[in-house]
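In: coords below, sequence missing:
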Ligand SMILES: *Cc1c(COP(=O)(O)O)cnc(C)c1O
């Protein structure tokens, strides 16, 4: 199986090349040219396996130049009991007979990014060896909060890698900032950027496309790669939990083989929900895919009208990992829905670059609307949902998850669709204590990490250990720069 660029079909790479490279040279996203089939027999087989074994079985279908032994070693290391505080890795929590929460935050950084970023460093390290690359890779990350920390944890002290993370100074929660500022490891760097996430992301994209920087770093023995969800090694491990959740529903006797299940995903860069759509393409019985946004509802409008328009106010919300106006992974969906028409996709992306908007063909729009439903929650509603779910189910959710729950509820009301639905929980509520406590009506929220204890008291549940232990860690990284100075930070680190 080959990987092609969404903007140029004649670029054809092996899996390990696609992972080592991250982004295609033409700016397109490297994407499998075909999707292997997930037959009922294979699903039946996966039912009896552990999460790690399911991950190996699914990933090996896409990674022809990796052995089963390698993949087993990667999943054993990445999803070990030392890293994850639940042996099921991605447990499914029933709220009612029809509604299930897929908890993706049991990893070391308490957000779903761990699901992929505990595996990607292993895939990347092995990909370098397979491609006889002798330079050291430097991972550059722009983060809206969760990716940065998860990437730092995944890559710390991994051989022949360095990692440098840029985050928007005022766009992440206090806990998120502290998680990054206290990061340990000898190959890591962290820097705040003045501006919002799009500023940080645009800055990183500019660094990637700078030929002179590329040559300069090559002389120093480095090359740049990405751990953002444009890397195929980020998307692939995410297919697994949608399939795994379906197996769990079968094992619980809640569905019969072949019965369709709706999935509702809180969405930012469109990586997580795309993984679910891909699982559906493979044959997983996916019903409606519900795409949930916060006040930055560019995707809601896109799914309703077929016009993607990022020319709109940017809102800083309590679900910062979804404060995104350019959802990079949408490009992969357009590539698939256009019948892999690279020229059509390149055209849309050119318009996005030049005017900040494009309108897809009627054909693509019809396909989009057949598979997806888009909706959003504003800030007041997100808060109200956190309180409602706590009151009705005694179940605590973070603001990102609340956005998903709210849109799922709207969808059911609007359509009467009563299929079983899995909504995806992407972060632990403890990662966003302030917002959660305010939503629960607590008037006096304690400063800094005091809010962790307070949420533990209010909810009667302990804070995750990696968050609780932040108070014993020293701050190592306090630098903040203007977007124009990001290159200096890179050159400084890779001396
Ligand atoms: C990254 C993130 C999202 C958005 O996921 P995408 O793959 O970018 O759509 C949602 N919630 C949380 C907590 C996240 O960290």
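Out: Looks like it came in fine. These numbers were taken from a predicted model, which means no experiment stands behind them.
In: please list the residues of the stretch 251-400 of the chain that sit near the ligand.
Out: By the rule C-beta under 6 Å from any ligand atom, the part of the stretch 251-400 of the chain lying against the ligand is 266-272, 321-322, 400. Where you see a C-beta, it was placed from the backbone N, CA and C, and this is true even at glycine.
In: 8 Å instead?
Out: Contact residues, the stretch 251-400 of the chain versus the ligand (C-beta under 8 Å from any ligand atom): 265-275, 319, 321-322, 324, 327, 329, 398, 400.
In: list the contacts of whichever residue of the stretch 101-250 of the chain sits closest to the ligand.
Out: Nearest residue of the stretch 101-250 of the chain to the ligand, counting by C-beta to the nearest ligand atom: residue 146, 3.1 Å away. Counting by C-beta atoms under 8 Å, 6 or more residues apart in numbering, residue 146 makes contact with 109, 111-113, 176, 321, 426-427, 431.
In: what about residue 438, neighbour count?
Out: Residues lying near residue 438 (other C-beta atoms under 10 Å) number 16.
In: where's it relative to the ligand, distance?
Out: 18 Å (C-beta to the nearest ligand atom, to the nearest Å).
In: touching, that residue and residue 383? I think so.
Out: Yes. Assessed by C-beta atoms under 8 Å, residue 438 is found in contact with residue 383 at 6.9 Å.
In: enumerate the positions of stretch 371-389 that are buried.
Out: Buried residues in stretch 371-389, defined by neighbour count with 16 or more other C-beta atoms under 10 Å: 371-377, 379, 381-383, 385-386, 388-389.
In: out of those, which sit inside strands?
Out: Residues of these located in strands (DSSP state E): 372-376.
In: in TSV: these, plus pLDDT.
Out: Shown next, in TSV, are these (pLDDT from 0 to 100):
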residue	pLDDT
372	98
373	98
374	98
375	98
376	98
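In: and those, which is closest to residue 256?
Out: residue 373 (23.9 Å; C-beta to C-beta).
In: need the helices for the stretch 101-250 of the chain, in chain order.
Out: Ranges of helices in the stretch 101-250 of the chain, per DSSP state H, counting those that start in this stretch, are 113-117, 120-130, 146-155, 174-181, 197-208, 211-219, 232-251.
In: what angle do helix 197-208 and the third one make with each other?
Out: So that's helix 146-155. Between helix 146-155 and helix 197-208, the angle comes out at 50 degrees (axes from the mean of the first three to the mean of the last three C-alpha atoms, to 10 degrees).
In: the fourth one now?
Out: Taking the same axes, to 10 degrees, one finds helix 174-181 and helix 197-208 inclined to each other by 20 degrees.
In: packing partners of helix 174-181?
Out: Packing partners of helix 174-181 (3 or more C-beta pairs under 8 Å, 6 or more residues apart in numbering; DSSP states H and E): helix 146-155, strand 161-168, strand 188-193.
In: let's see that with 10 Å instead.
Out: Contact here means 3 or more C-beta pairs under 10 Å, 6 or more residues apart in numbering; DSSP states H and E; on that basis helix 174-181 packs against helix 146-155, strand 161-168, strand 188-193, helix 433-439, helix 450-459, helix 465-468.
In: mind listing the helices for the stretch 251-400 of the chain?
Out: All helices of the stretch 251-400 of the chain, identified by DSSP H, counting those that start in this stretch, fall at 271-282, 298-305, 330-337, 342-355, 362-371, 379-393, 399-415.
In: name the residues of the fifth one that are buried.
Out: So that's helix 362-371. Across helix 362-371, burial judged by 16+ other C-beta under 10 Å covers 364-365, 367-368, 371.
In: how about residues contacting it?
Out: 277, 280-281, 286-289, 291, 302-307, 330, 333-334, 336-339, 341, 344, 348, 359-361, 374 (C-beta atoms under 10 Å, 6 or more residues apart in numbering).
In: OK, contacts around the spatially closest residue to residue 156 that is not a sequence neighbour?
Out: Residue nearest to residue 156 in three dimensions, not counting chain neighbours: residue 185, with 3.2 Å by C-beta to C-beta, 6 or more residues apart in numbering. Contact analysis of residue 185 by C-beta under 10 Å, 6+ apart lists 152-153, 155-158, 162-163, 476.
In: re earlier: ok, the ones in strands among the buried residues of stretch 371-389 vs residue 22, which is closest?
Out: Nearest to residue 22 among those, with distances taken as C-beta to C-beta, is residue 372, at 26.5 Å.
In: now that closest one: how far from residue 229?
Out: Residue 372 is 18 Å from residue 229, where distance means C-beta to C-beta, to the nearest Å.
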